[in-house]
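Asks: Got a predicted model here, sequence first, then my questions.
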Amino acid sequence: MGLKWVDVQEIAILLADGHPDVDPYSVNFVALRDLVMALPGFDDERDRGGEKVLEAIQTAWKEEQD
């Protein structure tokens with residue numbers, strides 16, 4: 001089974017590892033959605049990644065960097 005939008009923590013870890021020099025809060029939601037969908041193993045519908053999910057991913061990504 002692939003990654004889904006609900007796998008916020010795992011997505012955040014992958015983003016932090018893959019983009020260590022990026023400030024998560026500088027990434028707009030459209031770009032963040034694209035980054036998540038480009039992750040290896042991501043397998044979910046684009047429209048399921050709403051604003052609340054993207055905010056949670058952004059926050060978790062920042063926490064992984066700290």
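Replies: Perfect, thanks for sending it.
Asks: What strand or helix carries L54?
Replies: helix 51-65 (DSSP states H and E).
Asks: Tell me the helices and strands packed up against that helix.
Replies: helix 8-18, helix 29-37 (3 or more Cβ pairs under 8 Å, 6 or more residues apart in numbering; DSSP states H and E). Glycine gets a C-beta too; all of them are placed from N, C-alpha and C.
Asks: got a markdown table for the ones you listed, with distance to G2 too?
Replies: Shown next, in a markdown table, are those (distance: least, Cβ to Cβ, whole Å):
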| stretch | distance to G2 |
| --- | --- |
| helix 8-18 | 11 |
| helix 29-37 | 11 |
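Asks: what would these look like in CSV with mean neighbour count, distance to E55 and mean pLDDT?
Replies: As requested, the helices and strands packed on helix 51-65 are exported to CSV (neighbours: other Cβ atoms under 10 Å; distance: least, Cβ to Cβ, whole Å; pLDDT from 0 to 100):
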stretch, mean neighbour count, distance to E55, mean pLDDT
helix 8-18, 17, 10, 98
helix 29-37, 16, 8, 97
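Asks: wait, which of these is closest to L54?
Replies: helix 29-37 (4.8 Å; Cβ to Cβ).
Asks: Of the helices and strands packed on helix 51-65, which is nearest I57?
Replies: Of all those, it is helix 8-18 that lies closest to I57, at 5.4 Å by Cβ to Cβ.
Asks: so what does that closest one touch, helix or strand wise?
Replies: helix 29-37, helix 51-65.
Asks: can you give me how far the shortest one is from the chain middle?
Replies: Going back to what we said before, that points to helix 29-37. In terms of Cα atoms, centre = their mean, to the nearest Å, the centre of helix 29-37 is found 7 Å from the chain centre.
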